[in-house]
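K.L.:
I would like to see how this sequence folds:
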Amino acid sequence: MVPLLLSALLALGSTVPAVARESPSTGDRWSPIDPTTILSQAAVTPDPLLPAGTFRTASYSIRTLPWDRLPFNGLSLMRLVPLSNSDEDGIAWKVVNGRNYYHPGNIADEGIRYVDSYVRTGNPAYLDFAKVRADKLRELGITRNGALFIPYRFDYPSERLRAPWYSAYSQGFALSLFVRLYRVTGDPQYLKGAQALFRSFRQLGPGTNPWVAYVLRGELWFELYPSSRPTHVMNGFNFAVLALWDYERLTRDPAATQLLQGALSTIRRNAGRYRVPGEVSLYDLVHRTQHRHYHNIVIWQLRDLSVISRDPYFGGLANVLEADGS
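P.N.:
Now for the predicted structure:
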């Protein structure tokens, strides 16, 4: 498949199209602290590197982006009116088998967008909503060996997961939320939360419990569904990579750089395996299901990976997948 994929990349071009993002309003009154400025202020104790040879790593020159170019930013402003099925803090429930549960990934995703809505408008209500979601994630979380894990409290039988279970997808979203709250507020509690969430990616499974990351044949994988049969869901992996990038750019912790370079190496070597020529891409590598919604998510994720890694391969593959699904 690799030679065919490379031919397709060459035929379609490997430039990375600009991703359409809503421009900040002219009424913006506030800007987040630049990560290079924060770096001199943050009391970050670097984590030790994992042993050399634990997994393959790349050697990308990682790029720093301005706030309005960060993944997930520049979307429509968040609503300030809670949904009807929400708790007393306005956090929406997920209904599973007729019961209400918190969904850590959704909570963190909303929090990230509330932070961006605050940056773009200056309306403190958005920041309050983001802080409420960070507080809820901390309340839900458990700490293991210095790492913060946020559990799902409902079973997921199709992936052989019984509650409580954990996900690199939601761990990643929560990590980005705490990083961005720290950038906005300078409050050290959010830096400490980010450090604890980052450590959840360092506790490699499946021999440890809980876990969201593990090494298979020398490759570092982040699992949306860390079960006895990990399925390598591509969009969940990429969300975790983008969160690690957020943290690495904030702290420049060599341990974060190591994980980020390992993850980029993995997706660079495996992204082509998800392609189905002329069709939407595979959701995962075990069930091999196809979903247009996630296919479209992977396309913009690959373009963001191309930007942050400076590797045109990811942008070229995004173009190929876009053509496949058209």
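K.L.:
tally of neighbours for residue 123?
P.N.:
Per other CB atoms under 10 Å, the neighbour tally for residue 123 reads 14. C-beta here means a position set from N, CA and C on the backbone, and glycine is covered the same way.
K.L.:
can you pull the phi/psi pair for it?
P.N.:
phi -80, psi 110 (degrees, to the nearest 10).
K.L.:
and the pLDDT at it?
P.N.:
Note on residue 123: pLDDT of 97.
K.L.:
and what of the one 10 residues further on?
P.N.:
Per-residue confidence at residue 133 stands at 98 (pLDDT).
K.L.:
so which strand or helix has it?
P.N.:
helix 124-140 (DSSP states H and E).
K.L.:
then residue 214?
P.N.:
strand 213-216.
K.L.:
avg pLDDT for that strand?
P.N.:
Here the average pLDDT along strand 213-216 is 97.
K.L.:
which parts of it are buried?
P.N.:
The neighbour-count check on strand 213-216 (16 or more other CB atoms under 10 Å) flags 213-215 as buried.
K.L.:
and the residues you listed as TSV, adding distance to residue 46?
P.N.:
Below are these laid out as TSV (distance: CB to CB, whole Å):
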residue	distance to residue 46
213	18
214	23
215	21
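K.L.:
and the helices in the chain, which stretches?
P.N.:
Assigned by DSSP state H, the chain shows helices spanning 2-12, 35-41, 104-121, 124-140, 168-185, 188-199, 234-251, 254-270, 292-309, 312-324.
K.L.:
surely residue 254 meets residue 45?
P.N.:
No - between residue 254 and residue 45 there is no contact under CB atoms under 8 Å: 11.9 Å.
K.L.:
quick one: which of the helices of the chain is nearest residue 220?
P.N.:
Residue 220 lies closest to helix 254-270 among the helices of the chain, at 3.9 Å (CB to CB).
K.L.:
could you say what helices and strands that closest one packs with?
P.N.:
On a contact count with 3 or more CB pairs under 8 Å, 6 or more residues apart in numbering; DSSP states H and E, helix 254-270 meets strand 219-222, helix 234-251, helix 292-309, helix 312-324.
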